[in-house]
Structure formats: C-alpha cells, structure tokens
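*Asks:* only geometry, no sequence info:
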C-alpha cells in the first residue's frame, strides 16, 4: 500500500512536469526562433525597455483641454479643427493656430453601445472638403443587440457647428470589446484607408473574406478601387491585429506604408511585441502566424518590435521644418508605456529609436501632422486606463 501511494505521488508529479513543459513549449520555441531570426532579418528587437531618451530638445504646448478620449483630429482649411471623442461626440476647436477655443456644443453626437476600445474613433476629411464639406468617421454601432464597426460619410455645415450623416460607406466590420482598430486616413492617391482590428478573433486576420484585421482601401464614395490587389475586394493589407497608425514615407506615392500594430496580450500564450512594419499592396503582416522578429515565407517580418508592451496609438512621419532633426522619422504615440516614440528608418531598416516625454504626458493616442507642418498629439488619460486629471484630456502641439 505504501509503495502504491509513493508510485501514485511520483506519477502525479511526472504528469504535472509534462503538462508544464507542454504549456511552455510554444514560448520556448518562439524564444529560440527569435534569436535565430534576428540574425537573418532587418528586424530590431528591443528586449529591455523602449529605447534611450531622445536627444532633441522638444517640448509640448497645450492647444485645448477639457476633452474626453480625443481619438482623431482633422484640420480644416479655415484654421479650425474637428476632433472625435470616443464616447460619441464630434467637437469643434476654433483657431487651433491662434487663440484656440473648444466650442461647448458638439458638432454631432452618436449613440455608442457599451464597449471598451470601440466608440467614435477615426476621422478624416474628404480630399475636396473645401468645396463639398464631406468628412468621414469610424464608429461602433449597435444593431439587433450586437455591435459592429462602420465608416460613415458626413457633411459639415458652413459655419462648422453642426453636421448631418450622408451615408454609410462600409459596415461589415465586426466589433468586440477589444481590437476594433479605427484609424482612417486618405492616402496620397486620394483613396480612403481603413485600419480594422481582429475583434479578438485572431484567425479573422488571415481570412481574406473578412474585413477584420486588415487595412482596407476604398474610394471616397465607398467603392472598391479597380487597382486594389484583389479584384472586388477592399483588402489592401492583411495579417493585422489592431492597427491604429500608419503613414506613407513618400507623401506623393501610396506604394509603401509604414504601419504600426499591437502585439499579443495573451493570445496563444504570447505577450507584448508591438511592432512597425514596412508594407506594400497585398502584403501579409503575419498575425497570428508570426510575431516578434519571426520569419516565414509569404509573411512580412517587422522592422522593429518591443518585448514590453508599448502599445502604439497614432503614428505620423514628421514632415515639418520646426524640428529638423525629426525630418522623415516615424513618430508614434504610446498608450501603456506613456511616451512619444521616434523611429528612424533608412534604406528599409531601423537605424535608431528614442523616447520623448517618458511618463510626462500620460497615454498618447492621436499623432498627426498639421497642414502647417506641426506635430499634434492627443492624450488618452480619461479612457479608463490612465490617470484622468481635472482638466481631462488635451490636444497638444510638439515644438522646440
């Protein structure tokens, strides 16, 4: 009897060891692969922290405060700007380059279903906004008890204080509590690019029939361009987890895109590893098949990834002249790590990266260049994951 108890105890211990090794196998495998693949790709792997402190002397100045999770900004030709608030309001800021004033009354309001990362998100002006007053929003809506994301076309009144919906141009994007994407931007080709999340279902990112986990490309009227990679499909890039920022290194050519993406937060026992990739039409960025600096035929390996979670908000290539040291760099807002990240990309590879405003401004959501060549950002400290001050969230300009 005693021998049976000893055997039973040892057998149980053996099973626990085998189970533990089985669970750790994907992690250990990924670790061993990372080291090998780093040596065979242009991928920079930041294993400790997020990068050195920045060497350029810059500062931030507040344009307006009193906002609640400002998600997207659009600069208007008359010197005013529109900004979306995630809870469901479009707000108007008068004279953003002068005595900026946030108007009390919203331009428009939206009925937002209960959600964490969804809501009223991206915002973009029509390329001919000055003549047609059209703009676009990416918003989470509810229908039949379930949530979905859609892109809507709106028209702004002449005085800028009100707007009306014109039509829904794309509405087949699944929503979830997390991973809703939401950034929208017009490219140098005057096409509308729409970043979507995987809606917490990673396999959707690899499904060419699903709009989730993709960068979509449409005409301003919501039609599929004839020169899209796959005829009849809005998909431009696939294999994305939850992008909120990208830009074009050539502002006159939409061929190449620098795109940020969120890494896993427990998916398949993987964590962290937010990334920046260089992509062209029909590229597959690999989620969920690869992450870190892993390499696989037919999939894009990132040019930089961070072991610890950044994760990235908006992103813009600095095209201004007031901070010449930043010219051509990709500037990324960091949410969880709470800083502004500068990534220098030369010859399709990262040559350096550095950190600005480390733990100074809190969570940074939108990052966008103004028509005058200034970098604007928004804070996201009132989104339930930051420390919301009495002044709430702000729009800021970065200057020397």
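*Replies:* It's in. Keep in mind that what you see is a predicted model, and the values were worked out from it rather than measured.
*Asks:* Mind listing what's buried along the helix or strand where residue 131 lies?
*Replies:* Taking DSSP states H and E as the definition, one finds residue 131 inside helix 129-132. Neighbour-count burial for helix 129-132 flags residue 129 (criterion: 16 or more other Cβ atoms under 10 Å). The C-beta positions use only the backbone N, C-alpha and C, and glycine is treated the same way.
*Asks:* got it, and stretch 94-109?
*Replies:* 94, 96, 100, 102, 106, 107, 108.
*Asks:* With adjacent residues omitted, what lies nearest to the first one?
*Replies:* Which is residue 94. Nearest residue to residue 94 in three dimensions, chain neighbours excluded: residue 101, at 4.7 Å (Cβ to Cβ, 6 or more residues apart in numbering).
*Asks:* Show the low-confidence segments of this structure, by residue range.
*Replies:* 1-40 (pLDDT under 70).
*Asks:* now with 50?
*Replies:* 1-8, 10-11, 13-37 (pLDDT under 50).
*Asks:* Going along the chain, name the helices of this protein.
*Replies:* Counting by DSSP state H, the chain has helices at residues 2-38, 129-132.
*Asks:* which ones are touching residue 123?
*Replies:* By Cβ atoms under 8 Å, 6 or more residues apart in numbering, the residues touching residue 123 are 71-74, 82-84, 90, 135-138, 184.
*Asks:* quick one, what contacts the nearest residue to residue 67 once chain neighbours are set aside?
*Replies:* Here the nearest residue to residue 67 in space, its sequence neighbours aside, is residue 393; by Cβ to Cβ, 6+ apart that works out to 4.5 Å. The neighbours of residue 393, taking Cβ under 8 Å, 6+ apart as the test, are 65, 67, 68, 69, 70, 378, 379, 380, 381, 382.
*Asks:* contact partners of the helix holding residue 131?
*Replies:* 76, 77, 126, 135, 155.
*Asks:* list the contacts for the residue most central in space within the chain?
*Replies:* Centroid-nearest residue in the chain: residue 244, 1.2 Å away (criterion: Cα atoms, centre = their mean). Going by Cβ under 8 Å, 6+ apart, residue 244 touches 181, 182, 183, 195, 260, 262, 312, 313, 314, 315, 365.
*Asks:* do residue 78 as well
*Replies:* Counting by Cβ under 8 Å, 6+ apart, the residues that residue 78 touches are residue 160.
*Asks:* try the one 5 residues further on
*Replies:* Contacts for residue 83 (Cβ under 8 Å, 6+ apart) come out as 67, 70, 71, 72, 73, 74, 90, 91, 93, 123, 378, 395.
*Asks:* what does residue 167 give?
*Replies:* 152, 153, 222.
*Asks:* for residue 275, same thing?
*Replies:* 260, 261, 263, 291, 302, 304, 305, 306.
*Asks:* Touching, the first one and residue 334? I think so.
*Replies:* No - when contacts are counted by Cβ atoms under 8 Å, residue 260 is not listed as touching residue 334 (10.1 Å).
*Asks:* if you count what's nearby, which of these two comes out ahead?
*Replies:* residue 260 (31 against 26; other Cβ atoms under 10 Å).
*Asks:* bridging residues for that one?
*Replies:* Judged by DSSP bridges, the bridge partners of residue 260 are residue 245, residue 276.
*Asks:* Contacts only, for it.
*Replies:* Counted by Cβ under 8 Å, 6+ apart, residue 260 has contacts 243, 244, 245, 246, 274, 275, 276, 312, 315, 332.
*Asks:* My read is that the third one contacts residue 332, right?
*Replies:* Yes - here residue 245 reaches residue 332: they are 6.4 Å apart, a contact under Cβ under 8 Å.
*Asks:* Mutual contacts of those two, please.
*Replies:* 260, 312, 313, 314, 315, 367.
*Asks:* what's the nearest residue to residue 48 if we skip its chain neighbours?
*Replies:* residue 307 (7.3 Å).
*Asks:* Identify the residues contacting the one you found.
*Replies:* Residue 307 touches 45, 46, 47, 48, 272, 273, counting by Cβ under 8 Å, 6+ apart.
*Asks:* Kindly provide the distance from it to residue 64.
*Replies:* Distance, residue 307 to residue 64, by Cβ to Cβ, to the nearest Å: 36 Å.
*Asks:* what's around residue 316, how many residues?
*Replies:* 22.
*Asks:* And for residue 56?
*Replies:* Count around residue 56 with other Cβ under 10 Å applied: 13.
*Asks:* That one touches residue 327, doesn't it?
*Replies:* No - Residue 56 is beyond contact range of residue 327, at 11.0 Å (criterion: Cβ under 8 Å).
*Asks:* How many residues are close by residue 80?
*Replies:* With other Cβ under 10 Å as criterion, residue 80 counts 19.
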